[in-house]
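Peer 1: Just the structure for this:
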Amino acid sequence: MADQDQNDTVRRTLTVQVPVERAFAIFADELAAWWPAEYTWAKDTLETIGIESGKDGRCFEVGPHGFRCDWGRVLEWNSPHRLVFSWQISPTRAPEPNPGKASEVEVRFESNGPHSTSVEFEHRKFSKHGDGAAEYREAMNSPQGWDYILSRYEGAAV
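Peer 2: This is a model prediction of the structure:
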């Protein structure tokens with residue numbers, strides 16, 4: 001079971017030098033300040049990307065002329081300690097409207113003191129994406145996947 005979980009999950013741990021409340025806010029409320037535009041559908045025409053606060057909030061991006069694409073839904077919002085959302089982006093990088101074919105992202109924030117926060121990141125259930133799931137997990141586990149995306153978050157968490 002552990003091997004199956006390991007082969008279906010990407011995990012990262014990082015420390016940011018901001019209080020836990022700020023670490024959560026940067027990740028959840030200020031996504032547009034750090035999310036790489038090249039990792040969106042709108043790319044260089046991206047107007048904003050965000051996560052609506054609270055359970056059932058939408059994860060979305062907005063491009064030119066109001067083009068909107070929802071790419072997930074908040075499953076749990078426990079500010080400033082935990083955020084879980086569905087990842088409704090298929091292995092082909094197309095939006096996946098069926099939540100039954102979505103993986104999940106969980107981010108946990110734990111205070112290390114007044115100016116430091118441990119961030120535990122987990123993208124799990126890749127197998128729910130179906131065909132191409134293993135390759136998708138490997139891509140997100142690569143330096144160009146979550147490592148790159150989370151390095152942008154770390155850079156914003158100052």
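Peer 1: and the residue sitting nearest the centre point of the chain, bridged to which residues?
Peer 2: When CA atoms, centre = their mean is applied to the chain, the residue found nearest the centroid is residue 105 (5.8 Å). Assessed by DSSP bridges, residue 105 has beta-bridge partners residue 85, residue 123.
Peer 1: show me where this structure has strands.
Peer 2: Taking DSSP state E to define them, one finds strands in the chain at 9-16, 48-51, 58-62, 68-78, 82-87, 103-113, 116-124.
Peer 1: can you redo those as JSON lines with distance to residue 152 and mean pLDDT?
Peer 2: Every residue, glycine included, has its C-beta placed from N, CA and C. Shown next, in JSON lines, are the strands of the chain (distance: least, CB to CB, whole Å; pLDDT from 0 to 100):
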{"stretch": "strand 9-16", "distance to residue 152": "12", "mean pLDDT": "98"}
{"stretch": "strand 48-51", "distance to residue 152": "12", "mean pLDDT": "98"}
{"stretch": "strand 58-62", "distance to residue 152": "15", "mean pLDDT": "98"}
{"stretch": "strand 68-78", "distance to residue 152": "17", "mean pLDDT": "97"}
{"stretch": "strand 82-87", "distance to residue 152": "17", "mean pLDDT": "98"}
{"stretch": "strand 103-113", "distance to residue 152": "14", "mean pLDDT": "98"}
{"stretch": "strand 116-124", "distance to residue 152": "13", "mean pLDDT": "98"}
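Peer 1: Next, format these as TSV and append distance to residue 93.
Peer 2: What follows is the strands of the chain, written out as TSV (distance: least, CB to CB, whole Å):
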stretch	distance to residue 93
strand 9-16	16
strand 48-51	15
strand 58-62	13
strand 68-78	10
strand 82-87	12
strand 103-113	13
strand 116-124	15
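Peer 1: Which residues are in contact with residue 158?
Peer 2: 17-18 (CB atoms under 8 Å, 6 or more residues apart in numbering).
Peer 1: Skipping adjacent residues, who's closest to residue 74 in space?
Peer 2: residue 57 (4.0 Å; CB to CB, 6 or more residues apart in numbering).
Peer 1: Surely the one you found touches residue 75?
Peer 2: No: when contacts are counted by CB atoms under 8 Å, residue 57 is not listed as touching residue 75 (9.7 Å).
Peer 1: what's the neighbour count on residue 107?
Peer 2: The tally of other residues near residue 107 (other CB atoms under 10 Å) stands at 21.
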